[in-house]
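*Asks:* sharing a model that was predicted from the sequence below.
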Amino acid sequence: HQTCILRLPAAAESDHLICPCHGSKFGRDGKVLNGPAEIDLAWYSLAIEDGLVTVDLSSQVPPDWRAQL
């Protein structure tokens, strides 16, 4: 997300992600809840091996697959 690392707020509000760069709020599904962002977050394929998470930025996950999460 525009090189900003999104973070979860305090546990009481952990149903969304916040962008520390511009303050947008996103649902856990990546949908914009509050702007200024106008586009939902993209989802990408990932792998976890030996405790290392690798995100494949060349492989965006299609919306119908995300619904199964």
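*Replies:* Cool, the structure landed.
*Asks:* so what's the residue count around the nearest residue to A47 once chain neighbours are set aside?
*Replies:* Spatial nearest neighbour of A47, chain neighbours left out: T54 (5.0 Å); criterion: CB to CB, 6 or more residues apart in numbering. Where C-beta positions appear, they are placed from N, C-alpha and C, glycine not excepted. Using other CB atoms under 10 Å, T54 has 9 other residues around it.
*Asks:* pLDDT weak spots in the protein?
*Replies:* Flagging of the chain using pLDDT under 70 yields the residue ranges 1-3, 8-14, 63-69.
*Asks:* for this protein, what spans make up the helices?
*Replies:* Secondary structure of the chain (DSSP state H): helices at 63-66.
*Asks:* quick one: list the elements packing against the longest strand seen in it.
*Replies:* When the chain is parsed with DSSP state E, its longest strand is strand 52-60. Applying 3 or more CB pairs under 8 Å, 6 or more residues apart in numbering; DSSP states H and E, one finds that strand 52-60 contacts strand 44-49.
*Asks:* which other helices and strands does the strand it packs on contact?
*Replies:* Right, strand 44-49 is packed against strand 52-60 by 3+ CB pairs under 8 Å, 6+ apart.
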